[in-house]
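Student: my questions concern the predicted model and sequence given below.
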Amino acid sequence: MDSNYGYSRSLFLRGMCGVFGIAFASNYVQWPGLFGDDGLEPVEVYLDDLTKRIGSSHSAWEKFKKLPTLAWFSDDLDMETSVLFDMICVSGIVISALGVSIKTPPAPLLASLWLLYLSLYLVGQTFLSFQWDILLLESGLTSILWAPLFPLFTKSAPVSRAAMWALRFLLFKLMFMSGVVKITANCPSWLKLTALDYHLATQCIPTPLAWFVHQMPPVFLHLSVAFTLLLEIPAPFLLLAPSRYTRHFAACAQIILQIVIILTGNYNFFNLLTMLLCVPLLEDSWFVKVNLARKNLKKKERNDGLRFETDVFLKRLDDTIGPLLWLLSGIFLSYATFVMFSVTELKGSLAWYESWDISLNFSPQDLNHFTGDVLPLVIAYTMTMVVFVSVLDIAHVVNLLFVPVDAFPIPNSKSRKKKEGNTTKTTWMQSILFRTKLLVHVISLIAVSVGSFVLVTSSSMTMASSLKTSHPTPSFGQYSVDILRHSYSINGYGLFRRMTGMGRDTVDEYGNVLSVVERPEVVIETSYDGKTWQELEFPYKPGDTSRMPPIIAPHQPRLDWQMWFAALRGERGGAGIKWFIYLLHKVMRGSPAVLDLLHINQREFKSPEFVRAFLYSYDFTRWNTSWARRNSKVFLISNSTSMKHRKQNVVNASLWWGRLSHGKDFIGTVVRRDHESLLDYLNDVGLGEHR
């Protein structure tokens, strides 16, 4: 029962425990300010509202079956909801640490982490509704199938290749959908390959390196966009290749992309999780080759003669043609590059690195046709592979049940050290125990294979539905979707389908179109007398223009993230955001839990009498380069005499950001503490009792 993925499975499962631990810890420190009794979206209020919809006469278990969160059992446990969620977060951290310390975490441990995080997610409302939260749940649910089902037999548990293919398909779905929606959403920045002209400065919380990359010539940024689309549209197909050489190549390409994203943006645990999903593509031997595992990596005892000839044949075939397939993968991506992009020449007397650009060769309609033709084939191929490897795995273990005792060594056998009279008796006793293990493994492999097929079926239907693509579905396909619907863990993905902060384009003196960044940012101001105002600084999002962008990943400051989304609503958009109005109220009341989210020292803080909020446009400052000078709307750093003819948007070299105020009121009025209209509003939205 040796597997070429024993070390890979161990690394992946321990990594999953680590990512769960990061997510639990990040949520734990923010829970009181976001969801506690004094938080912005109190869970108690949300659960009361859900109880009214479900029916107060239902038992906790009946409510759990409708919405599987452990919060329903707080009354049965005679425990306050806030205390229960503290226990859930702490339990998640402890179990995650235990999983990281175990060589191969078992399925029950992964299942407990999945259920605990699902309990948080289902009551997390606005602040826990990100795609990476759902990705963590879907990855956690799928990883349960790859983990040993029975903790007592962890060491001898076979590695399920069906579950491994389910994880590969999850990675394919994530990357391919992320690429396709960027084009089919008809966002001009992706269609013109100018997305990075905006993204580095307009993403929620950029890193300091993002500022430096933003200084690069436009053609470099446009090439980077093309590279991203190449790795997210054609390259994901290589993740499902039958050859391990091709899969290794595809996994390394995706890992490189994630590392670049980590360096330029704070995306909490998302990139770590995506890289972790690449591990099932890599065999143990790969880790040895790149010195990430011991060269004498111990393998389980086995008898090569007992391996199915099919497995041996497939491995030899892969060793023979694998290098050729690896070469064909490079040719495939080169051809895709040629088909997808073309080089264009810019106008004017420009330096060689400014005189050309790259453009997209296909339309959203072309990609829709391609997806509609190819995706059904990919889904059918994946489901076929799941069935094929399931049959091989199960048949191999069943075959061992009928092998004579002396055909393979019994693990940890001490019979040879005993006198000859007891040898036969002891050997057969151990043989019976060993065959019992095999029978348990057969049952677990059957269960895992069925579960993997159901997961892939449901995941493929969700993917096809999100991309509006028809595909062949087994008769029980809809039944699979219905089963997993209540797990709230299967989802489609599409990160950054549209760029934000896109201002009106300008043109240079030669008539070339240039991108303009106008990142909307909400600035809250407080006052004690209604005359003198002071800006309220958030710990991570842009505010003070001289403050360096932070490095905070893998932690996610969820309030700062939601402030980024809130700003996209535009003028007076804040008036319709319940939690934002409640935030202003909590600031004026000096709520300790909310002040902790803002990293404000409660002892030195004096509650203001008035608050207001305005919208500003932010952009990174720029070095005084030739390509930056061509754009009259960027904030240039005054470090050269060539700046003397420029009369606007010239900033000091100490600034990381430049900003403009358009006089747009985000809520439409000045809010006064405990004003009657404010209190009436809180009563209307059900927050009156939690003021």
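Tutor: It's in. Numbers count the residues shown, from 1 in each chain.
Student: please count neighbours and contacts with C-alpha atoms only from this point.
Tutor: Noted.
Student: any idea which strand is longest in this structure?
Tutor: strand 610-622 (DSSP state E).
Student: now the element after that strand, going C-ward?
Tutor: helix 626-629 (DSSP states H and E).
Student: what's the average pLDDT for that following helix?
Tutor: Mean pLDDT, helix 626-629: 88.
Student: what packs against the longest strand of the chain?
Tutor: Packing partners of strand 610-622 (3 or more C-alpha pairs under 8 Å, 6 or more residues apart in numbering; DSSP states H and E): helix 195-202, strand 519-527, helix 578-589, strand 635-637, strand 657-665, strand 671-672.
Student: could you give me the average pLDDT of the last one?
Tutor: Across strand 671-672, the average pLDDT comes to 92.
Student: ok, it: who's next to it in the sheet?
Tutor: strand 610-622 (antiparallel) (DSSP bridges).
Student: so what's the gap between the strand it pairs with and the chain middle?
Tutor: Centroid separation for strand 610-622 versus its chain: 28 Å, with C-alpha atoms, centre = their mean, to the nearest Å.
Student: okay, buried residues for the helix or strand harbouring Thr320 please.
Tutor: Using DSSP H and E, Thr320 maps to helix 309-340. Buried residues in helix 309-340, defined by neighbour count with 16 or more other C-alpha atoms under 10 Å: 318, 322, 325-326, 329, 332-333, 337, 340.
Student: got CSV for these, with pLDDT and distance to Lys633 too?
Tutor: Compiled in CSV, those are given as follows (pLDDT from 0 to 100; distance: C-alpha to C-alpha, whole Å):
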residue, pLDDT, distance to Lys633
Asp318, 77, 56
Gly322, 77, 52
Leu325, 85, 49
Trp326, 84, 47
Ser329, 89, 43
Phe332, 93, 41
Leu333, 93, 37
Thr337, 94, 33
Met340, 95, 31
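Student: which strands or helices does the helix or strand where Asp596 lies pack on?
Tutor: Using DSSP H and E, Asp596 falls within helix 592-597. Applying 3+ C-alpha pairs under 8 Å, 6+ apart, one finds that helix 592-597 contacts helix 6-35, helix 578-589.
Student: angle of the longest one against helix 578-589?
Tutor: Right, helix 6-35. Put simply, helix 6-35 runs at 60 degrees to helix 578-589, going by axes from the mean of the first three to the mean of the last three C-alpha atoms, to 10 degrees.
Student: which parts of helix 6-35 are buried?
Tutor: Result for helix 6-35 [16+ other C-alpha under 10 Å]: buried residues 6-28, 30-35.
Student: now do the last one
Tutor: By 16+ other C-alpha under 10 Å, the buried positions in helix 578-589 come out as 579-589.
Student: what's the answer for stretch 117-130, then?
Tutor: Those would be 117-124, 127-128, for stretch 117-130 by 16+ other C-alpha under 10 Å.
Student: swap in stretch 594-607?
Tutor: Buried residues in stretch 594-607 (16+ other C-alpha under 10 Å): 594-595, 597-598, 600, 607.
Student: nearest to Val219, out of those residues: which one, please.
Tutor: Val219 has its nearest neighbour among these in Leu598, at 38.7 Å by C-alpha to C-alpha.
Student: following the lowest-mean-pLDDT helix or strand in the chain, which helix or strand shows up next?
Tutor: Scoring the helices and strands of the chain by mean pLDDT, DSSP states H and E places helix 477-485 at the bottom, with a mean of 67. Helices and strands here follow DSSP H and E; after helix 477-485, the next one along the chain is strand 506-507.
Student: what is that following strand packed up against?
Tutor: Using 3+ C-alpha pairs under 8 Å, 6+ apart, strand 506-507 is in contact with strand 513-514.
Student: show me where pLDDT drops low in the stretch 551-691 of the chain?
Tutor: Within the stretch 551-691 of the chain, the stretches with pLDDT under 70 are 639-649, 689-691.
Student: where do the helices of the stretch 101-250 of the chain begin and end?
Tutor: Counting by DSSP state H, counting those that start in this stretch, residue ranges of the helices within the stretch 101-250 of the chain are 107-121, 131-146, 161-184, 188-191, 195-202, 208-213, 218-232, 244-264.
Student: okay, buried residues for the fourth one please.
Tutor: Residues 189-191 are the ones in helix 188-191 that count as buried (16+ other C-alpha under 10 Å).
Student: for Ala226, list the residues it contacts.
Tutor: Counting by C-alpha atoms under 8 Å, 6 or more residues apart in numbering, Ala226 makes contact with 193, 341.
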